[in-house]
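Visitor: Give me the fold of what follows.
(3 chains)
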Amino acid sequence: MSAAGISEARAASGLTATLQHARHVITENPVTGFAFALFLLLVVTAILGPSLVPYDPLATDSSASLRPPSARHWFGTDQLGRDIFSRVVVATRLDMIIAVTSVAVVFAAGGLAGIAAGYFGGWTDRIVGRLADTIMAFPLFVLAMGIVAALGNTVTNIVIATAVVNFPLYARLARAEANIRRDAGFVMAARLSGNTDLRILLFHILPNILPIMVVQMSLTMGYAILNAAGLSFIGLGVRPPTPEWGIMVAEGAAGIISGEWWVALFPGLTLMGAVFCFNLLGDGVRDIVDPQRRT
Amino acid sequence: MRVARQIGQRLVTALPSVAGVIVVTFLLTRILPGDTAAYFAGPAATPAAIEEIRARLGLDQTLPVQFLRYVGDLARGDFGASLTTGQPVLADITARLPASAELVLVALVLAVAIAVPLGIIAALKERSLIDHACRVVATAGVSLPVFFTGLLLVYVFYYILGWAPSPLGRLDVFASAPPTASGFFLIDSLLAGDVETFRATLAQLVLPAATLAIFALAPIARMTRGAMLSVLGSDFVRTARAAGLSPNTVVMGYAFRNAVLPVITTLGMVFSFLLGASVLVEKVFAWPGIGSYAVEALIASDYAPVQGFVLVMAVLYLLLNLCIDILYGLIDPRVRIDA
Amino acid sequence: MDKMPLLDVRDLTVEFATRRGAVRAVDQIDLSVMRGEILGIVGESGSGKSVTSYAVMRILDRAGRIAEGSISFSGMALQTLPESQMRDLRGREMSMVFQNPRAALNPIRKIGRQIEDVLLRHAQATRTDARAKSIAMLDRVRIARPEERYDAYPFELSGGMCQRVVIALALACRPQLLIADEPTTGLDVTTQKAVMELMVELTRERRMAAILITHDLGLAAAYCDTVMVMEKGKVVESAPSADIFSAPTHPYTKRLLQATPKPGSVLRDLVMDPQPEPPPPARPIQPGRILDVRGLVKTYGANNAVDGIDLHVDRGESVGLVGESGCGKSTTSMMIMRLLDPSDGSIQFDGQEIGAVPARAFATHPMRKRIQMVFQDPTDSLNPRFTAERAIADPIQRMGGSIRRDALRARCEELATLVGLPVHLLDRFPHQMSGGQKARVGIARAIALNPDLVILDEPTAALDVSVQAVVLNLLQDLKISLGMSYLFVSHDLHVVRLLCDRVIVMRAGKIVEQGTAEQVLEAPTAAYTRELIAAVPHPPT
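Guide: Take a look at the predicted model:
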């Protein structure tokens, strides 16, 4: 079809331009470049980590418990003599999966609901708005606690809870962006060109909102990781002995006042690094997708 | 008079949110996996006890009837009883609420006192060293898991330096609580003229409050900076400059008063973060607030306190948002007319 | 009168630091203003006229700096004056009035207090008499009930009133120099007249010097003693305003002057070179009505934005719909366009009732492709993520039946050529094109399927005057060669007269007068029309 032909050709040239711009942003702003490198490291660790680690993350060794960092155990060992480095590396996959799935779910659900609400207004808007308001009426982490407590203590429920508490953020953002574009000249022009509401929504409004949503996505990735780690820190969701950064910090908390700093420090630092990376990335992504700044 | 009417109107608009909160907390009790009655009865209950609880909770009735019962119970202040403490949940929460409130409010004041000036300076000296520093601190602050920050502070200031007292509660074990007036130890000890207790309270409070404040710092500083930058670039600031007004009047009188509006709006979100994060901080510092109460109940599979905790937190948060809206209306004349 | 100019600028050069190095916005210009004189600085966007005034006031933003030159103001060298002394001068000796008056006032401070701030700052009032002086100043700029209005916030006042407050603020300390930067842009023509007259009266009365910065040559000529024309950061001509109009010397001034619509000018006159090619062949038109609107009403809440209007457009005819903001002309055009549902009345298009078809369903209506529109803001009306080609191709793909890809490209190129858009620009995105180019894309899109009726909603309001001249001519040629009818919605009587056969004047949702363009403009019957015509600035003749 001709329409698809044109869009493909455009998409191809658009992609090259985006890549060029991305390279420009990364080279111009070393902080963003650093964040990208860190992000790649996280992804590689998540995929390959379990096959690279020196020790079985679940293997206990009572003769080697609470050893400080050494050449044998880079991050030391915990109360049960497990190698903390191996556990930190292996945990990457679980933490990333939780964050990515919950953000993907809320991106689709919240984004679509918000765009529909902003564009159609009326009842759609009222229902989505009320739903978002109700969720927003709770302190988000507290609601997430309530949801996991009610639904049951599993990883899936952590993903659901994280997605639910982020719903208003996405729905409201998408709603606001769709709403200001609803009466924009180019949307009226699209209507005059014979586009139906659905076409306008998908081909005219959505592509303009997507970049803003993508920025939001990379910013909430950090929050999603924090949220999941926080829940497992208080004993919700992930259960021992599964390696997960939040729960590992919890396991090391007692050691802090007796001087075994490494048990909590390394998983905590890794967690912090991951969140920091996503937050920096969010700023970087904003620079890349903002067409006004593309030269 | 006008202000009173506005507050009244705003209270009315909060009602749907209150209804929403009640519906959600009700639903949370009904979607428990497995047998809800068994869940509420706790892990060690006998079948007879479970049946009794089922009848008492009205779980054998239709959902609408259950909902009305639930609302009726809430109206009478019946939030159920805690299995762990044996006390009514509402009594437990009321007793522990001041500890949490004191912690969160001190943290907020601390965060605002640091973040707002930081944001203003960063905006005034855009792209300077202090601006970049502000950005890094803000991004780092929001990236720190609060429970981890708390542990780090404890390790440095208690274990290594020994400056802070042991991170166990509001007062160390040998001190006695001041006579209760507000429930806030800082205020109560001053009212009682007990400087020693005041100092002890403050010493216990510094680390957990700082932990929370570091977390809340980032969004406030970012928003202040952004709002100041956009206001400083606006037409009316240019007019004020062209009229020769002094930099002080322009920055504080004209720009900041306008920039504070989006900052106040951000406070709502900051409170959401703070209330959530306070749960984690209370656990780290063994702080006897409602957050640690809920966490203890969670670990014991004691469900009624968790429900009560979620509900109370939501109501508190609604009230805080109400205050924020009223404050906003006092500053911005445009909102006053719309309302 | 002393011979020393109050303001004397020599070799002023202003540079802006950008990512690609320093850019000269103002390049070695000279200007001088005597006491009691009003100087007009005229230029199109990017000519450096505003930057010049910011440099004089020393309120350039951070990226800009005075690279060289001297600014002497009543004997003081401003370019080297310490900032603290400069602050004392601003507001007391030299003041500024800005474009967009509502944004120029602090939104959350009472207007009376804002005037007081300036009075107190420059010690022109004490705490005890500041309020009285502020109210007196509001009275001076003819704000009715000044005691009450003292407590008003900017959002409670109209744009014209806000501009009066800004003028009061600027003149409160009796400065010697007033700089007005596009002070009436965005205001209705009757409000513009009132604001300009007030400003001129106050400056004359106080024997102040004034600089009026504007894109509107007519406005400058009507109110200024001397006019200075700027282009790309340089002064191209400077002369008494009567001379500029009667005998412009610089080619740019000539072109600008020619492009400015004025009483008696003809569309072809607006462009410099007389059409090299002969006018396009006209398409034969069968007589008859294309649009017939009866009793059209649109109600919002309790009031009618459009209050029962009747109008019609014949085939091949151009009808102008004129009125000030809020008169209901845009609402009317949106209803005819079937983007908005009328509350009452009928809209017949080519003999068929279309007013009853809901706006949401009209996108798939067979009549859709026969009624099209050219929008006011060319930037806003193009999807930022679509190339020019995709924007033009959109209606063809949706409503033009199946078409092969190469045929579609060929059609887009044909349309681009028709509207004078270089074919290589078809692959560009809106942000890579100029305002005039974007306007052409919007026109190409509207005529892509040979519509019978095109509504032109202020199609040149966002364009520079020289671009406007070209676009108006293009529209006229297209109308003749494609046999279309136009409904031209505008606030600008001169522009309407150039393009339209008939003119309809609206006010407060009703039609106050209609007739042939000549009739309405030369011999208006309604008082409101006369007021509108009188408010258009008249250059000295």
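Visitor: Please count neighbours and contacts with C-alpha atoms only from this point.
Guide: Fine.
Visitor: Spell out which parts of the stretch 151-295 of chain A neighbour chain B.
Guide: A:151-152, A:222, A:226, A:230, A:233-235, A:249, A:253, A:256-259, A:261, A:264-265, A:268, A:271-273, A:275-276, A:279-280 (C-alpha under 8 Å from any C-alpha of the partner chain).
Visitor: could you flag which of the residues you listed are buried?
Guide: A:151-152, A:222, A:226, A:230, A:233-235, A:249, A:253, A:256-257, A:261, A:264-265, A:268, A:271-273, A:275-276, A:279-280 (16 or more other C-alpha atoms under 10 Å in any protein chain shown).
Visitor: in chain C, which ranges drop under the pLDDT threshold?
Guide: For chain C, applying pLDDT under 70 flags the ranges C:1-2, C:272-279, C:539-541.
Visitor: residues in it within reach of chain A, list them.
Guide: Counting by C-alpha under 8 Å from any C-alpha, the residues of chain C near chain A are C:339, C:360, C:363-364, C:368-369, C:372-373, C:375, C:377, C:380-385, C:390, C:394-399, C:403-405, C:408, C:431.
Visitor: try 6 Å this time
Guide: C:A363, C:T364, C:D380, C:S381, C:L382, C:N383, C:P395, C:R398, C:R404, C:R405 (C-alpha under 6 Å from any C-alpha of the partner chain).
Visitor: Among these, which lie within helices?
Guide: If you go by DSSP state H, the residues of chain C next to chain A have C:P395, C:R398, C:R405 in helices.
Visitor: Do I have it right that B:Y158 meets B:L168?
Guide: No. Using C-alpha atoms under 6 Å, B:Y158 is not in contact with B:L168, being 11.4 Å away.
Visitor: coming back round to it: out of the residues of chain C next to chain A, give me the one that has the most neighbours.
Guide: C:L382 (29 neighbours; other C-alpha atoms under 10 Å in any protein chain shown).
Visitor: gap between the closest residue to it other than its chain neighbours and chain B?
Guide: In space, C:L382 comes closest to A:F186 once its chain neighbours are excluded; the distance is 4.7 Å by C-alpha to C-alpha, 6 or more residues apart in numbering or on different chains. Per C-alpha to the nearest C-alpha, to the nearest Å, A:F186 is found 27 Å from chain B.
Visitor: Setting aside sequence neighbours, what's the nearest residue to the residue in the stretch 201-350 of chain C that chain A sits nearest to?
Guide: Proximity to chain A, evaluated over the stretch 201-350 of chain C using C-alpha to the nearest C-alpha, is greatest for C:L339 at 7.5 Å. Distances taken as C-alpha to C-alpha, 6+ apart put C:A359 closest to C:L339, at 5.1 Å, once the chain neighbours are dropped.
Visitor: Look up phi and psi at the residue of the stretch 1-150 of chain B found nearest chain C.
Guide: The nearest approach of the stretch 1-150 of chain B to chain C comes at B:E126, 9.9 Å away (C-alpha to the nearest C-alpha). Here is the backbone geometry of B:E126 (degrees, to the nearest 10): phi -60, psi 140.
Visitor: wait, what's in contact with the residue in the stretch 251-400 of chain C positioned nearest to chain B?
Guide: Closest to chain B within the stretch 251-400 of chain C is C:G301: 16.2 Å, counting by C-alpha to the nearest C-alpha. Applying C-alpha atoms under 6 Å, 6 or more residues apart in numbering or on different chains to C:G301 gives no contacts.
Visitor: can you count the residues close to residue 252?
Guide: All of this refers to chain A. So A:G252, with other C-alpha under 10 Å, has 22 neighbours.
Visitor: oops, chain C please
Guide: C:Y252 has 16 nearby residues by other C-alpha under 10 Å.
Visitor: what's the helix or strand for it?
Guide: Per DSSP states H and E, C:Y252 falls inside helix C:251-259.
Visitor: Keeping just the C-alphas, turn that helix into CSV.
Guide: The C-alpha coordinates for helix C:251-259 follow below in CSV (Å, rounded to 0.1, in the frame of the first residue of the first chain):
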residue,chain,number,x,y,z
PRO,C,251,14.8,48.9,-2.5
TYR,C,252,13.8,47.0,0.7
THR,C,253,11.7,49.9,1.9
LYS,C,254,10.1,50.1,-1.5
ARG,C,255,9.3,46.4,-1.4
LEU,C,256,8.0,46.6,2.2
LEU,C,257,5.9,49.7,1.4
GLN,C,258,4.5,48.0,-1.7
ALA,C,259,3.6,44.8,0.2
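Visitor: which residues are contacting that helix?
Guide: Outside helix C:251-259, the residues touching it (C-alpha under 6 Å, 6+ apart) are C:P248, C:L270, C:M272, C:S466, C:A469.
Visitor: In strands, which of these fall?
Guide: Counting by DSSP state E, no part of the contacts of helix C:251-259 is found in strands.
Visitor: As a markdown table, these with distance to chain B and neighbour count would be great.
Guide: Listed next are these as a markdown table, based on distance: C-alpha to the nearest C-alpha, whole Å; neighbours: other C-alpha atoms under 10 Å in any protein chain shown:
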| residue | distance to chain B | neighbour count |
| --- | --- | --- |
| C:P248 | 34 | 19 |
| C:L270 | 35 | 25 |
| C:M272 | 37 | 17 |
| C:S466 | 28 | 19 |
| C:A469 | 31 | 24 |
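Visitor: any idea which of those residues is closest to B:R135?
Guide: C:S466 (45.8 Å; C-alpha to C-alpha).
Visitor: check contacts around the closest one.
Guide: Taking C-alpha under 6 Å, 6+ apart as the test, what C:S466 contacts is C:A259.
Visitor: one more time with 8 Å
Guide: C:R255, C:L256, C:A259, C:T260, C:V271 (C-alpha atoms under 8 Å, 6 or more residues apart in numbering or on different chains).
Visitor: Quick check: next helix or strand after the helix holding C:Y252?
Guide: Counting by DSSP H and E, what follows helix C:251-259 is strand C:289-300.
Visitor: which of the residues in the helix or strand following that next one are buried?
Guide: Using DSSP H and E, the helix or strand that directly follows strand C:289-300 along the chain is strand C:303-314. Neighbour-count burial for strand C:303-314 flags C:N304, C:A305, C:V306, C:D307, C:G308, C:I309, C:D310, C:L311, C:H312, C:V313, C:D314 (criterion: 16+ other C-alpha under 10 Å).
Visitor: go on, stretch C:43-61?
Guide: Quick answer for stretch C:43-61 (16+ other C-alpha under 10 Å): C:43-44, C:47-60.
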